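> Below is the sequence, then the predicted model.
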Amino acid sequence: MTMKARLRVAADIGGTFTDIALIRWDETIATRKVPSTPDDYGRGVVSGIMELLQAEGLSVQDVGEVMHACTVATNVILEGKGARTALITTAGFRDVLEMRRIRVPRLYEPLYCKPPPLSPRRLRLEVGERVDFRGNVLVPLDEASVLRALDTLDRENVEAVAVCLLHSYANDFHERRIGEMIAARFPDMFVSLSVDVLPEMREYERTSTTVINSYVGPPVRGYLASLTAQLADAGLPSRFFMMHSAGGIVAATSVVARPAQIVECGPAAGVLGALRTMVEAGHLDVISFDMGGTTAKASLIEKGALVRTDDYEVGGGISISSKLAKGGGYALKLPVIDISEVGAGGGSIVWMDPAGGLKVGPHSAGASPGPACYGRGGTEPTVTDANVVLGFLNPKALAGGSVPIEAQRSVEALCRVVATPLGMDMDRAAHGVHQLVSTIMTRAVKSVTTFRGRDPREFAMIAFGGNGGIHAISLARALGIRTVYVPPGAGVFSALGLLYADIETSKSAAFLKRLDEDCTVALTGFYAMLLDRVRAELARPVGALMIERAADLRYVGQAFEITIPFSAEGALDDRARRGLRQRFESEYERIYGYRLAETAVEIVTLRLTARVPKGNRKLPGYVFPQSTPATTRDVYFGPEFGRVATMVVGREALTAKPGPGPMIIEEYEGTTIVPPDCHVRVDDHANIVITLP
Amino acid sequence: MKTFDPIRLEVLKNAFDTIADEMALILMRAAYSPIVRDSMDFSTALCDAFGQTLAQGVTTPMHLGSFYDAMRHLLSHYEGNIFEGDVFIGNDPYAAAGQHLPDIYIIQPIFFDGRLVAWTTTLAHHADVGGIVPGSNALGATEIYQEGIRLPFLKLYERGARNASIWDILMLNVRVPSLVAGDLFAQMAACHAGQRSFVDLLERYGADEVLSYAEELHNYAERLTRAEIAQFPDGTFAFTDYLDGLGKNPVPIPITLAVSIRGDELEVDFTGTSAQVKGGVNTPLPFTKAAVFTALRSVMKSDIPNCRGFERAIRVQAPLGTVVNSVHPAPCGARGITGYRIIDAMLGALSIPLPDRVTADGMGGASVPAFGGWHDGKPFVFSETVMGTWGGAPTHDGQVGVPHMGANQANIPVEMIETNYPLRIVRYEIVPDSGGAGRYRGGNAFVREYEFLGDEAVLTLRSDKHDFPPYGLFGGKAGSGPVSVLRQKEGHEVTLPVLVTEPYVMKKGDVFRHRSPAGGGYGDALDRPEGMVLDDVLDGLISEAHAAEAFGVVIEAGHVNHAATAVRRDAMKCRSPACDS
C-alpha cells in the first residue's frame, strides 16, 4: 500500500449549524453543513465528519488530523452555566472581582444592572498573606486560613477554584503552595492559579481571567473528554487540535489546562481563513468582513499578519470593539484576534423612532421567527426583507431551495413600517434600509482602521458569512475600498480557516523596566523562561519551533501599550533596545500623529509565540458545482440606476476576464451582488473578485 | 423648504457620532495623566460652524452640552479672525465660559474650500494648572485667583505656527509640565483626527449637503426630545438636596430646584439654592446646565443624538450669584461635587412623576482623597476617584462598583498604585449592613484603606453625604453616610470632615481609611422576599442581626425561620405610620 498523506478534517460548531470541511487527495476542498446538537455537541461533530467522509467515498483511516473550534466555552459564560467556582484571594480583597474597574458600558442609564460575578461572594475566600510589588513577602502565608478555605470548598460543593493573590506575578510562591494544598485534599478539583493563566500586573483583569478559566474549565473538560471518546469510538483520531482565540492551533489536551483561551475561537478561525485566502491572492493588507444573521464582524490583516489584542471582554454584548464602552462583560486578558462587532445582520429588525427616524437593529428576529419573508410568524421587517424587495435575494427560496421565501410578506412589512410612514416608494425604502446597514457596519470597520490610524482605502476586503456577499459592495463603497473578494465556501468559512491553521501557542510575563535601563541579562532570562513554557506545552524541541518575540511598550506615564514584535534571535542589548524604541515611536506616530522624543519608553509585558511550521501548504482548490441555467430578474440598485434587468448565475459562469455588472451570483451558501458600475471576475482559487469604479 | 431624506439623516448622524468617538479614543490612548486616561475625565465633540454641538463622544456625561456656551464665547471674540491652522486654548469659567481651571479646552476650526465649516473641540481635565494645592482642586480657595492659571480663549497656534509665549507661560505655571504638555498633544491629535474624518465626509457628500443635514439633525433631536417630554405627566416637581458644607464646621449648602413640565416644554428653576460660597464648590452656569441635561437624558427612553437640538426643548433658570450660577471671583475647582448633587436633586424631583425610571439615591459621586509630598527626594501627587454605589431600583438592588451617572470613570488598580507611589492599599472591600433597607436594598458601602510608606505627605479629601446621607424612595431607608479616619502610627485616630479645607499631615506608617456612603433603599423593606434576605446573609452582605432589625426576617443557622419572621414582620408593620389608621 502506498503511503498517502493523511487528510486534515475540520469541524466548527456554531449556534445553529456545525460546519465540516476537509481537503481531498487532489488538494480540493469538500464541505458539509449539519445541524448542531446542543444536548451533546460532540455527536453532531462526529456524525457530520462521518457523513462527509461517506459522501466523499473516504474512510476513517484516511483521516490524519482533526481540527476543531467550538462555542462551548462562550456559551457557558453567556448562559451562566459554568462550574460552581470559588476564588481564593488575599485578605481584604475578595471584592475586587465584583467592584471590577467601575466603568459601565452604557451612559445615561440609572437602571443599568452589572453582570453578576462568576464566583459569588459566599465562595470568595480570603487567606492571610501579603507580597509587595517587588515580590518581597510582607506577611507569610497563613496556612490555617487556607485550611479553613478548603473546608468551605468541601461544604459548598465547589467544582472549580481560582487562586489569585496580589502581586503574585512578582512572586508565585504563595499561589503555588495553595495549589498544592488544594490538590492534596481534592485531587480531581479543577484549579487555576493566576500565575499560570496570566502572570501580569492589574489585579482585576488577572482575577477575572483566572476565574473565567476555572468557571469554563469543568464544562470544557467534560466536553473534550466526551468528544475524544466519540471520535475514538468512530475510529477517528482521538488526539485532536483546537483553535484558540488568537488564531493558532493547540493540542486539545493542553486546552484543558487553559480553557479560557478558546473563548473566541470560532470567529478567529474565520479571520485566519481570510488571511490565507488573501495572502494567496496577493493581498497583504486586508479588511475581513463577516456578516451573519445577527451581527457583522470586522477585523484587520496587516502586512500579511493578524492583528491581536488582549483588551477584551467576553459576554459584553455587541459594542464598538468595546474600547470606549467597557464593563459590560467579563474581562479576559488573553490574546484574541482583534474583531469589532456591531448588531447588524440579516435578521436585524427595522423600526421607526418617535421623531420619524429610521433605525436598524440591534434587535434581531434571529432564526426564529426570522424575517417576515420566512413566513414563520415574523411580522417586523428585517434587513433580509429589504434585500428581498430590492431583488438582491431570490424571491422564491434561499439556500438552494431549502428555505422557502414569501416575498409578499417582505413587501407588506416594509410598506407598513417604512414606506407608508415616510411617504416613500417601496424601492427607495428598501434601498434606504440597505444603506443604513452599511453605515452601521462602517463603524465596525472604522474602529479597527481609522480609529487606529489606518486608512481603509489602502485595504482590500474579503467578505464571508451568510450575508457578506450581499452587503460587501455597499460597505466597500462607503469606505472607499476598491477590491472585494468573496471566497468559495463563504458560508462555512470558519471550518475552512481551521484547515489552514498552524499549531501555535503564546506566553507572556510582566516586566516593568525602562528601555534605557540596563536590563539585558534580565530580559534574556525572562525570554528563556517563556521559551521553556511554550516548549513544555507544545512538547517539541526548540529547534522544531518558529519563535516570535514581542514586547508591550509605552511612554513612561501612559496607560496604553503598543505591542512591538522583534527578532527572535540574539540578546536585547542596548543597541537592540534603541532599535525597539525607534520602532515603537514610528508606530506611535502612525496612530497618534506625533512622538515624544524626550520621554522615556518602558517595557510592560514580554511576549513569546511559538509555532510549529507546516511547510509550504498550498491553498486547496475548488470544484465548481454543476452549472445551473442563468436566469434574469429586476433588481433595484439605488436611485442612480433604478430597476435593472440583472442576470443571476452560479459562480461557475464567471470568467477570469472581468465582466461588467449588474450581476447576481447565487449559491447554496449565499448570494453575491455586483452593482451595474462594478466589474466581476473569478480568480485561480475560485474567489469572486469585484472591482469598484 | 428643503425636504430631508430620513435615511441620509441617519447615515450622517452615524458618521458624526463615529467622528466624535474616534476623537475620544485617540485622546484617551494618547493621554498622560491618570485622570484623563483611567478616569476618562475628558470630552470630545464635533460642532457646526456656529459652535452648535453635532455629536459628542461617549465619555463624560457631565460635559453634555457644555461645548456650546464655550463656542459662543469663542466666536463672539474671534469672528472674522479665524484661520486655517489655528488652535484655540482656554479654561477660565468667567472669561471663556469654561468649567473649572483644570479643564482646558483645545478647539480647532475646520476649513473646506477656504470656508469655515465646522469645529473639532476637546475638553480634558489636566493633572495640574497651578494654584495653592497640587492638582488645583483646592476646596479651601476663596477666590479663583488661588486656583491656578486663568486662560481666556487664546490662539495656541496661529495659521499652523505655535505661539511660544503662551506655551512657555503655561508650562511655567503648572506643577507637572510634562503631563500637561502630553495631554495637550493628545487633545490636538484628537482634533486633527476629527478634522480629517469630517473633511472626508464633505468630499463624499458635498459640503452644502452635509451642512444642511447637520442643521436638520438639531431639529430632529429637538422633535425627539419634545416627544419624550410630552409623555411625562404635567406639573411642577420640587426637590432639595444638600452638600454637607465645607471644613470642620460645615454649613449645609442647599440645592433647591423645581422641574416644571407643560406639554412638550420643560423648565428647571434653581430659585432657593444657596448663594455662592467661599470654597471651591461653586459651579458656573454651563456646568449646571450640563448636569441638568445629563439627568433628563437618563430618564428619556429614546436614543437622542448628543447635539444642540436636544437642549432647545429645555430651559434652565438659575439666579446669578448662587452656587449653581457663580460669578467672578467665586472659586470652582471642586465644582464636580455640586454637579453630582444637581443630578441627584434632579432625579429626586423626577422620581415624583417618573417613579419607574429612577433609583433611590447613591453615594453622590466619587470621593477624592489626594496625597502629596516628597518620597526618595522626588515630589509625588496621588489622587484618585473612589466609587461607587447606587440606590435600590424599581426592579433590582442598588449596584456596587459603579460610577456616578455624571462621570463614567474607572478605578486605579491596587497593583499599579503600589508600584508607582509610596502607598500600600490595606483593604478594598464591601461593608455589610450599610445599604439602606428596602424592597430593593441600597448598594452597600465599600472601604479603601491606604498606608503611607514615605516620609511625609499632606492629605486632603473631597467627599459628602455625611449629614445628608443618600435618600431612600417609596418607603426605603437612607443609606449610611461616609467615615474617613486617619489612624496615626502612635494610635491616635482623627476623623476627617467631608470637605477638607485644611490639609492633614501623614507620616510613615499612618493609615487613612475611607468608607463610602451607601445607597438608599427603594420600597418597603418588609416587602423584600425572605429568600433575597437569606441570600444577602449567606453572601455576607448583611448580618443576621441586621436581617431581623431592618427587614424583619429571622435567620437561624443559615435558614429562614418562617413563623418567627411572620410574627416579627407583623409587629414591625404595626409600628409603621401606615398602620395608624
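That came through fine. Numbering: from 1, shown residues only, chains lettered A, B, ... in the order given.

> and A:Leu580, that one's in a helix?
Yes: under DSSP: H, G, I helix; E, B strand; the rest coil, A:Leu580 falls within a helix.

> quick one, what contacts it?
Going by CB atoms under 8 Å, 6 or more residues apart in numbering or on different chains, A:Leu580 touches A:Leu515, A:Ala551, A:Leu553, A:Ile564, A:Phe566, A:Leu572. No exception for glycine: its C-beta is placed from N, CA and C like everyone else's.

> which among those residues end up buried?
For the contacts of A:Leu580, a neighbour count by 16 or more other CB atoms under 10 Å in any protein chain shown gives the buried set as A:Leu515, A:Ala551, A:Leu553, A:Ile564, A:Phe566, A:Leu572.

> In a markdown table, list the residues you listed along with secondary structure, distance to chain B and pLDDT.
Below are these laid out as a markdown table (DSSP: H, G, I helix; E, B strand; the rest coil; distance: CB to the nearest CB, whole Å; pLDDT from 0 to 100):
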| residue | secondary structure | distance to chain B | pLDDT |
| --- | --- | --- | --- |
| A:Leu515 | coil | 17 | 88 |
| A:Ala551 | strand | 18 | 90 |
| A:Leu553 | strand | 14 | 90 |
| A:Ile564 | strand | 15 | 87 |
| A:Phe566 | strand | 22 | 81 |
| A:Leu572 | coil | 22 | 81 |
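
> A:Asn38: neighbour count?
Slight slip there: residue A:38 is Pro, not Asn. A:Pro38 has 11 neighbours, counted by other CB atoms under 10 Å in any protein chain shown.

> meant to ask about A:Met278, not that
For A:Met278, the count of nearby residues is 24 (other CB under 10 Å).

> who in the stretch 401-550 of chain A is up against chain B?
Residues of the stretch 401-550 of chain A lying close to chain B by CB under 8 Å from any CB of the partner chain are A:422, A:432-433, A:435-436, A:439-440, A:442-443, A:446-447, A:450-451, A:512.

> Type out the PyMOL command that picks the buried ones from the residues you listed.
In PyMOL syntax, the buried subset of those is picked out as below (16+ other CB under 10 Å):
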select buried, chain A and resi 422+432+433+435+436+439+440+442+443+446+447+450+451
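
> Now pLDDT too, for the residues of the stretch 401-550 of chain A next to chain B, in TSV please.
Shown next, in TSV, are these (pLDDT from 0 to 100):
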residue	pLDDT
A:Leu422	87
A:Gly432	92
A:Val433	93
A:Gln435	90
A:Leu436	90
A:Thr439	85
A:Ile440	85
A:Thr442	86
A:Arg443	79
A:Lys446	80
A:Ser447	76
A:Thr450	72
A:Phe451	71
A:Leu512	81
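
> Nearest to B:Arg427 among the residues of the stretch 401-550 of chain A next to chain B?
Ranked by distance to B:Arg427 (CB to CB), these are led by A:Leu512 at 24.3 Å.

> So that closest one is in contact with A:Glu602, correct?
Yes: with contact defined as CB atoms under 8 Å, A:Leu512 counts as touching A:Glu602 (6.7 Å).

> For stretch B:195-203, list the C-alpha coordinates in CSV.
Written as CSV, here are the backbone C-alpha positions of stretch B:195-203 (Å, rounded to 0.1, in the frame of the first residue of the first chain):
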residue,chain,number,x,y,z
GLN,B,195,-10.9,67.2,11.1
ARG,B,196,-9.5,64.6,8.7
SER,B,197,-12.7,62.4,9.0
PHE,B,198,-15.0,65.3,8.7
VAL,B,199,-13.3,66.6,5.5
ASP,B,200,-13.7,63.0,4.1
LEU,B,201,-17.4,63.3,4.7
LEU,B,202,-17.7,66.6,3.0
GLU,B,203,-15.8,65.3,0.0
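
> quick one: is that stretch near chain A?
Yes: residues of stretch B:195-203 are located near chain A by CB under 8 Å from any CB, namely B:Ser197.

> got the buried residues for that stretch?
For stretch B:195-203, a neighbour-count test (16+ other CB under 10 Å) marks B:Gln195, B:Arg196, B:Ser197, B:Phe198, B:Val199, B:Asp200, B:Leu201, B:Leu202 as buried.

> Now go through the residues you listed and say which are in helices.
Secondary structure from DSSP state H places B:Gln195, B:Arg196, B:Ser197, B:Phe198, B:Val199, B:Asp200, B:Leu201, B:Leu202 of the buried residues of stretch B:195-203 in helices.

> how much space is there between A:Ser506 and chain B?
22 Å (CB to the nearest CB, to the nearest Å).
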